[in-house]
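Novice: have a look at this prediction, sequence included:
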Amino acid sequence: MPEALAPPSPGALRACMSRFATGVTVVSYDSEDGPRGATMNSFTSVSADPPLVLLSVARRARCHDPLLRQPFCINVLGAEQERLARLFAGAQGLGKPGWLAGARVPRLANPLAWIECDPWRSYDGGDHTLVVGHVTDLGHRDGDALTYTWSRFGTAAESSDGIEHLI
């Protein structure tokens with residue numbers, strides 16, 4: 001029987017995963033102190049019927065418990081919204097975000113796309129919780145996307161050759 005391998009260190013895993021390009025989101029929700037949000041890039045679609053999406057949320061994050069029990073909005077950021085990504089990741093001195101007035105769930109004023117969700121299921125994911133949201137509303141606009149790879153922000157240019165017509 002082969003000898004069991006030691007798992008990689010958390011730092012080695014983060015360094016390896018930094019090579020995977022992702023989009024950037026701010027997940028927003030309501031709190032006693034008003035709208036809140038957290039920058040996240042661990043997000044994916046799960047199912048079209050029913051419409052489900054998944055977030056991987058650190059157990060130590062302030063947003064962890066609220067996202068398990070109340071509606072939230074996934075704001076996909078456009079390339080021009082790096083400031084918002086940094087602001088919701090904890091950077092200081094970047095001003096205040098603009099919120100859309102009258103939304104059911106706190107939503108940023110002009111994200112590239114937005115997906116409102118009700119919590120549906122959650123699963124243990126080690127030092128994270130996998131939160132599956134049931135999509136209740138969504139929308140999008142045209143524009144370039146904000147990306148994150150090699151521990152840096154970048155841009156994915158809008159393409160005119162999408163596959164939406166196939167879906």
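Specialist: Great, that's in hand.

Novice: please count neighbours and contacts with C-alpha atoms only from this point.
Specialist: Noted.

Novice: now the worst-scoring helix or strand of the chain on mean pLDDT - C-alpha only, PDB.
Specialist: Taking mean pLDDT, DSSP states H and E as the measure, the chain has helix 10-17 as its least confident helix or strand, at a mean of 87. Output in PDB follows, covering the C-alpha atoms of helix 10-17 (Å, rounded to 0.1, in the frame of the first residue of the first chain):
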ATOM      1  CA  PRO A  10      -2.200  26.600   3.200                       C
ATOM      2  CA  GLY A  11       0.300  29.000   1.700                       C
ATOM      3  CA  ALA A  12       1.300  26.600  -1.000                       C
ATOM      4  CA  LEU A  13      -2.300  26.000  -1.900                       C
ATOM      5  CA  ARG A  14      -3.000  29.700  -2.100                       C
ATOM      6  CA  ALA A  15       0.100  30.300  -4.300                       C
ATOM      7  CA  CYS A  16      -1.000  27.500  -6.600                       C
ATOM      8  CA  MET A  17      -4.600  28.700  -6.800                       C
END
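
Novice: downstream neighbour of it in the secondary structure list?
Specialist: Per DSSP states H and E, helix 10-17 leads on to strand 22-23 as the next helix or strand towards the C-terminus.

Novice: and the very next helix or strand once past that following strand, how far from the chain's centre?
Specialist: Using DSSP H and E, the helix or strand that follows strand 22-23 in sequence is strand 25-31. Distance of strand 25-31 from its chain centroid, counting by Cα atoms, centre = their mean, to the nearest Å, is 9 Å.

Novice: how about residues contacting stretch 112-130?
Specialist: Contact partners of stretch 112-130, identified using Cα atoms under 8 Å, 6 or more residues apart in numbering, comprise 54-59, 64, 67-78, 105, 107, 131-143, 145.

Novice: er, stretch 62-71 actually
Specialist: 29, 31, 37-38, 57-58, 105, 116-119, 122, 129, 131.

Novice: so which of those residues is the closest to Arg86?
Specialist: Closest approach to Arg86 among the contacts of stretch 62-71 (Cα to Cα): Ala38, at 9.7 Å.
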